[in-house]
Each structure stands twice: as C-alpha cells, then as structure tokens.
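> Okay, sequence plus prediction incoming.
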Amino acid sequence: MARLSVNINKIATLRNSRGGKIPSVSEAAIKCQEFGAQGITIHPRPDQRHIRRQDVYELKPLIQTEYNIEGYPSEDFINLVIEVGADQVTMVPDQHDQLTSDHGWDTRKHRHFLTDIVSRLKEKGIRTSLFVDPDPDALEGAALTGTDRIELYTESYATLYPLDREKAIAPFMEAAKAAEALNLGVNAGHDLNLENLAYFHQRISNLLEVSIGHALISDALYLGLEQTIRKYLDCLQ
C-alpha cells in the first residue's frame, strides 16, 4: 500500500484570506493523521501566501507520521528544513512567485547544484526527493545526485486520464520501471484525485507515496475531511 501524505496548504490559504487563525492548520494536521493519513505535506513559499514560516515550526511537534516539506532549495529553505528536522524534503524547481508547480527538474543541467543540496540534507538524516517529469533521462540525472527518491509530476496523467487512461499511464509506468532499476524510490503528486488515483496506484507497482492537497481538500468541502481521507486511502489499497 502506498502512503497518503495530505498537503494542507489550502487550509492555510483559507485562513490567510480572512486573517486570524481559522481554520487552524495545526488542527487540520492533527485530524488528518487521526483519520488515517500517513504523512503531512507543506510547501512554504517565499511570499508566505499559504503556509507561513511560523507554521513550519508549530507543526513539527504535531506530526506523528511523516513531515514532508516541499520547496525550491534556496539557502533559506534548506536552513529551515534542517532546523525544523523534516523527515523528507521534496525539492521543486519553482520560481519564487510561481502559482503552483508545473514542471520537473532538468536534473542534468542542475546536477551539481542538486547533488550538493542532497548531500547536505542526507548528512542530517533527511530523506530527499526530486520533483521530476516522467522522463527516463531526468531519472538518470536524478540518480546521479544521490537522491533517495523522485516524485513524479502527474499533471499530464490527470489531464489525459479521462480521454485515454492507458495512454496517460504509459510514460509513468516506464518512468517507474526506470526508477526501480536506478534504485530510486517513487513518490507522485499533482492533480491526483478520487477519479484517477486508484488506477495510477494499480499500474505503478513500486509507488511508495502520494502527496495530495488541492483535490483532497476540495472533496472535503462536500464529504467531510474524515470521509474524504478514507476514500483516498481506499484508492491506495
């Protein structure tokens, strides 16, 4: 069974839209874990438009499962995740003002930069993951950095799935096979939802973890958080 890590950024977005502390990202993290989530993901951005720096510290003692922190590996970000003691750091190639992640790393071009960051994090006992497109060359480049895992960027799968799910999953199956041969663990995330998650999990046999936020929190508006998490967990059985 692949693990479900719930990205709670959208809880913070809702809180920040009004000010104050409602809804509480801390309470959301506690409840997600109580309801069965096996990890909590956050993505603090430089403009703090959702997760704030203070949240990163306040959440740490509440995480009894896995604390996955995503972000561009700037010096400030790396110092933050080391200081707070993340369990896993997922590095994304986002610009500082980017709305959402929309591409994976060029692992060949940025190999030396990523290798240095991976080494620093692993020295602190932090698992590393690189956000990549389902491209065998990107996976080979990722392996050269020494990273523990890759996270497959799944937007293309989600977009094509309603039209042709076999065609949609094909490059991800190839990428997962290449990752296994390179001894890389496989995570996945972006636009996975209750419609497409089960099939993705069925076809990617070495999938270790999915990180899901936007769709899951949106579903929770109608189904409630506990029922929604149970449904996502069912997709991963």
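Here it is on my side, so go on.
> Just confirm R108 is within a strand.
No - looking at R108 with DSSP: H, G, I helix; E, B strand; the rest coil, it is coil, so not inside a strand.
> Dead centre of the protein: give me the residue that sits there.
S211 (4.0 Å; C-alpha atoms, centre = their mean).
> Over the helix or strand harbouring that residue, what's the mean pLDDT, rounded is fine.
With secondary structure defined by DSSP states H and E, S211 is part of strand 207-212. pLDDT averaged over strand 207-212 equals 98, rounded to a whole number.
> so what's V6 up against?
The neighbourhood of V6, defined by C-beta atoms under 8 Å, 6 or more residues apart in numbering, consists of C32, A37, G39, I40, T41, S211, I212, G213, L216, I229. For glycine as for every other residue, the C-beta is placed from the backbone atoms N, C-alpha and C.
> who's it bridged to?
According to DSSP bridges, the residues that bridge with V6 are I40, I212.
> Show the pLDDT at it.
What the model reports as pLDDT for V6 is 98.
> Please shift the residue numbers so they start at 47 in all later answers.
Happy to do that; since the first residue is 47 now, the last one works out to V52.
> Could you list the low-confidence segments of this protein?
Within the chain, the stretches falling below the threshold (pLDDT under 70) are 140, 142-148.
> Tell me where it has strands.
Read by DSSP state E, the chain holds these strands, from start to end of the chain: 49-53, 85-88, 113-117, 134-137, 173-178, 195-199, 231-235, 253-258.
> With distance to L282 added, can I get those in JSON lines?
JSON lines is the format used below for the strands of the chain (distance: least, C-beta to C-beta, whole Å):
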{"stretch": "strand 49-53", "distance to L282": "6"}
{"stretch": "strand 85-88", "distance to L282": "12"}
{"stretch": "strand 113-117", "distance to L282": "16"}
{"stretch": "strand 134-137", "distance to L282": "17"}
{"stretch": "strand 173-178", "distance to L282": "18"}
{"stretch": "strand 195-199", "distance to L282": "15"}
{"stretch": "strand 231-235", "distance to L282": "11"}
{"stretch": "strand 253-258", "distance to L282": "7"}
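> closest one to N62 among those strands?
With distances scored as C-beta to C-beta, the stretch of the strands of the chain nearest to N62 is strand 85-88 (13.5 Å).
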